[in-house]
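Trainee: dropping the sequence and predicted coords here.
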Amino acid sequence: MAHINLLPWRERLREERKREFFTILVGVVIISAGVLFLVDRYFNGEIDVQISRNDFVRAEIAILDERVAEINQLRQQKEDIRSRMNVITDLQGTRPVIVRIFDELVNTLPDGVYYESLVRVDNTISIEGTAESYLRITELLRRLDDSEWFQDSDLDAISAVDLGADTLSQAFTFTLSLSLQLATQQEEV
């Protein structure tokens, strides 16, 4: 059989396949790099869009926080004004009541009884005074109990005081307390 040398042909075929492989490999690398570049650009673009959205949301949140702070400040001012208005309304409402209380104290005071001290704490009045006789104090308590403005009059202390050696009479000092009936009386005023 004749000897045919196929080695150079195989060698060329191998070289050609090697070149095709490297060409395909370079093409795949270039295409992969292009795809990777495009994917990277796409995701970077999406990240930039999301960052800009987040910045917008943060800016809007800051604006809303300022508005909430203003609203809270306005609410506080509103509450302050309301409390001042309530104080003024209470003062205006109780102004005629104080006058009526003193008027009623004068109207219930019998002859021969004198008030020396009046102290009001909330709805309780403590009275210290002097009377010419025990009967005058009894009359005062009866009148206070009959009054529409007072209730629960209570005689706390009573003592006899000598007026001096030249007079034969005695005076009585007393301390009493009573409560006000403001709820029903304010409705009438």
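Mentor: Good, I have the coordinates.
Trainee: can we go C-alpha only for contacts and neighbour counts from here?
Mentor: Fine.
Trainee: buried sites along stretch 138-145?
Mentor: For stretch 138-145, a neighbour-count test (16 or more other CA atoms under 10 Å) marks 139-141, 143-145 as buried.
Trainee: quick check: helices, which of the residues you listed are part of them?
Mentor: With DSSP state H as the criterion, helices contain 139-141, 143-145 from among the buried residues of stretch 138-145.
Trainee: distance to residue 81 and pLDDT added to these, as CSV?
Mentor: Formatted as CSV, those follow (distance: CA to CA, whole Å; pLDDT from 0 to 100):
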residue, distance to residue 81, pLDDT
139, 48, 92
140, 44, 91
141, 43, 90
143, 43, 91
144, 39, 89
145, 40, 88
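Trainee: which one of those is nearest to residue 113?
Mentor: Minimum separation from residue 113 among these (CA to CA) is found for residue 140, which lies at 7.9 Å.
Trainee: all strands of the chain, in order?
Mentor: 113-121, 124-131, 150-162, 170-180 (DSSP state E).
Trainee: quick one on the thing from earlier: export the buried residues of stretch 138-145 to JSON lines and tack on distance to residue 69?
Mentor: Formatted as JSON lines, the buried residues of stretch 138-145 follow (distance: CA to CA, whole Å):
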{"residue": "139", "distance to residue 69": "64"}
{"residue": "140", "distance to residue 69": "60"}
{"residue": "141", "distance to residue 69": "59"}
{"residue": "143", "distance to residue 69": "59"}
{"residue": "144", "distance to residue 69": "56"}
{"residue": "145", "distance to residue 69": "56"}
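Trainee: give the other helices and strands that the longest helix out of those in the chain contacts.
Mentor: With DSSP H applied, the helix covering the greatest number of residues in the chain is identified as helix 7-107. Helix 7-107 sits against helix 182-188, with contacts defined as 3 or more CA pairs under 8 Å, 6 or more residues apart in numbering; DSSP states H and E.
Trainee: that'll do, ta.
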